[in-house]
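Visitor: Sequence and predicted structure are below.
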Amino acid sequence: MLVNGKRVNTRISLILFFLFLGTGIALANKGNNELWHKANVLYTQKQYDSALFYYNRLLQSYPENPVLHYNIGNAHYRLNHVGLAILHFEKSLRFDPDNKQARDNLSLANARIQNPLPVIPPIFFVRWWEQLVQTFNTSTWAWITFLSFAGILVLIYYRQTLKDRFTNSGRWMAAVLVAFFLSAGMTWITYMDASDSGKAVVLDAAATLIETPQSAGKVMNNIPEGTVLEVYARQGNFLNVKLPNGRTGWVQNDLVAPV
């Protein structure tokens, strides 16, 4: 692991190097290559605070860039900012669920949480649904929807031109219609999920779960920095949340950051 051995340090450095190259090309086309280059050089020189200054400037223009969030997460990890590292790894995965490097480094950051709360695994059908939603991003589902719609048009054309010679047309049409409505629904769901993940990360080690949305509310649980919360509602400066251990209550909004 990164925290225990040199071998993984080298591995993550190589990962960072290749990601720098890939995203650097994309940003260069938009006139931000100089900021990107400065940030990367400073990171390789272990000047992580300075690198974050330039990364965060880029973030103002590219708030949904998954590789940028990944690199910011790595810089915070190097500075032992556990909550911020987890926040940006989570954001990277939100915009690119297939980013295996972000998922691996998120696991490393989670291992640094002090006194982590026990995690109650979701019911099997909730877990199945989450896996389905994370299978593809919004763009991929949109392409599947487009291809399904194109398939419907093709089938309509052949049914009109070939008529009786086009066998099993009804079954094919039913299958394509199911694919179209399913993919259209998943496109909308993943789009809404990308707009609002419904999650927040604790950034303050002094955060507590309280019974009511009041500063003097009864404390129900201490919440370690870096804990990911499910957010249900907001009332004033308080969020109604669910902890990984299943407990629900309220937490001060200014102690957490949305994913």
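Guide: Ah, there it is.
Visitor: Flag the shaky bits of the stretch 101-250 of the chain, pLDDT-wise.
Guide: Applying pLDDT under 70 to the stretch 101-250 of the chain picks out residues 122, 124-126, 163-167, 194-195.
Visitor: What ranges does it have for its helices?
Guide: For the stretch 101-250 of the chain, applying DSSP state H, counting those that start in this stretch gives helices covering 124-133, 138-162, 169-195.
Visitor: Which one, of those, ends up nearest to Ala39?
Guide: Closest to Ala39 of these, according to CB to CB: helix 169-195, at 24.6 Å. In short, each C-beta sits where N, CA and C put it, glycine included.
Visitor: just to revisit the earlier point, between the helices of the stretch 101-250 of the chain, which gets nearest to Ile72?
Guide: Using CB to CB, the helices of the stretch 101-250 of the chain put helix 169-195 closest to Ile72, at 18.2 Å.
Visitor: what inclination does the closest one have with respect to helix 138-162?
Guide: 160 degrees (axes from the mean of the first three to the mean of the last three CA atoms, to 10 degrees).
Visitor: For helix 169-195, list every residue counted as buried.
Guide: Going by neighbour count (16 or more other CB atoms under 10 Å), the buried part of helix 169-195 is Ser169, Trp172, Val176, Ala179, Phe180, Ser183, Ala184, Met186, Thr187, Thr190, Asp193.
Visitor: picking that back up, so for Val219, which of the helices of the stretch 101-250 of the chain sits nearest?
Guide: Among those, if distance is taken as CB to CB, the winner is helix 124-133, at 28.5 Å.
Visitor: Could you save the helices of the stretch 101-250 of the chain as JSON lines and add columns showing distance to Gly236?
Guide: Output for these, formatted as JSON lines (distance: least, CB to CB, whole Å):
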{"stretch": "helix 124-133", "distance to Gly236": "30"}
{"stretch": "helix 138-162", "distance to Gly236": "32"}
{"stretch": "helix 169-195", "distance to Gly236": "23"}
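Visitor: looking at these, which is closest to Ser61?
Guide: Comparing the helices of the stretch 101-250 of the chain against Ser61 with CB to CB, the closest turns out to be helix 169-195 (18.1 Å).
Visitor: can you count the residues close to the residue lying closest to Val82 once chain neighbours are set aside?
Guide: Leaving aside its chain neighbours, Val82 sits nearest to Gly226 (4.3 Å; criterion: CB to CB, 6 or more residues apart in numbering). The number of residues packed near Gly226 is 23, by other CB atoms under 10 Å.
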